[in-house]
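**Q** just to be clear, the model below is a prediction. Sequence and coordinates:
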Amino acid sequence: MRGLSGPGVLLEPQMAEHAAELFAVLGDPRVYRYLDTEPPADEASLRARLVRLEARRSTDGAEIWLNWIVRNPAGVLVGYVQATVASDHGADIGYVLGTEHWRQGYGRAAVATMLDELRTGYGVTRVRATIERDNDASRRLLERLGFAAGEAATGPSELQFVRSLP
């Protein structure tokens, strides 16, 4: 896993050493309006989670876990992007940005940069993102990146978006 550079963003492989900076972003409860998780209880629990993710593989070895923190041109940590790559050349992606960084283009730039790396570095040909149906900002981001709405995901409030990577 390597660091990546995109238009107006830098992506660094996520490490436990990012826990303090990331906790400052993830501690805001507004970030979780459309997420099915809660904010980390404290920096130590976030650090423990990041240590587990540094394995870059699921415990059974079937999936590759890719997690990058996203920095803006000033070097400020604005959020993270992630992908779970399966052996069938498919990937599930996710992204979280701090509220003060919403609607500034960081999400789209970071996801686009990650998609390019998934295609060229990991041979991914199909990507899926699952969002809450009423998350308009996320829907617009995915549509601008060429994703198409698919079927309802695990529940009626979720929607899956899919995209093929050439």
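**A** Structure's in. What do you need?

**Q** now the helices for the chain?
**A** Assigned by DSSP state H, the helices in the chain fall at 19-26, 43-53, 106-122, 136-144.

**Q** what sits against residue 51?
**A** Counting by Cβ atoms under 8 Å, 6 or more residues apart in numbering, residue 51 makes contact with residue 16. All C-beta atoms are positioned from the backbone trio N, CA, C, and that covers glycine.

**Q** gap between it and residue 22?
**A** Remark: distance between residue 51 and residue 22 (Cβ to Cβ, to the nearest Å) = 13 Å.

**Q** out of the helices of the chain, nearest to residue 96?
**A** helix 19-26 (7.1 Å; Cβ to Cβ).

**Q** and that closest one, how far out from the chain's middle?
**A** For helix 19-26, the distance from its own C-alpha centre to the chain's C-alpha centre is 15 Å (Cα atoms, centre = their mean, to the nearest Å).

**Q** before we move on, the earlier item: deepest-packed of the helices of the chain, please.
**A** Stretch with highest mean neighbour count among these: helix 106-122 (a mean of 20; mean count of other Cβ atoms under 10 Å).

**Q** export that one as PDB, just CAs?
**A** Taking Å, rounded to 0.1, in the frame of the first residue of the first chain, the C-alpha atoms of helix 106-122 are listed here in PDB:
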ATOM      1  CA  TYR A 106     -12.100  16.700  -0.900                       C
ATOM      2  CA  GLY A 107     -14.400  13.800  -0.900                       C
ATOM      3  CA  ARG A 108     -14.700  13.600  -4.700                       C
ATOM      4  CA  ALA A 109     -11.000  14.100  -5.200                       C
ATOM      5  CA  ALA A 110     -10.000  11.500  -2.600                       C
ATOM      6  CA  VAL A 111     -12.500   8.800  -3.900                       C
ATOM      7  CA  ALA A 112     -11.400   9.500  -7.500                       C
ATOM      8  CA  THR A 113      -7.800   9.000  -6.500                       C
ATOM      9  CA  MET A 114      -8.600   5.800  -4.600                       C
ATOM     10  CA  LEU A 115     -10.600   4.400  -7.600                       C
ATOM     11  CA  ASP A 116      -7.600   5.000  -9.900                       C
ATOM     12  CA  GLU A 117      -5.400   3.100  -7.400                       C
ATOM     13  CA  LEU A 118      -7.900   0.300  -7.000                       C
ATOM     14  CA  ARG A 119      -8.000  -0.200 -10.800                       C
ATOM     15  CA  THR A 120      -4.200   0.200 -11.500                       C
ATOM     16  CA  GLY A 121      -2.700  -1.300  -8.400                       C
ATOM     17  CA  TYR A 122      -5.200  -4.000  -7.400                       C
END
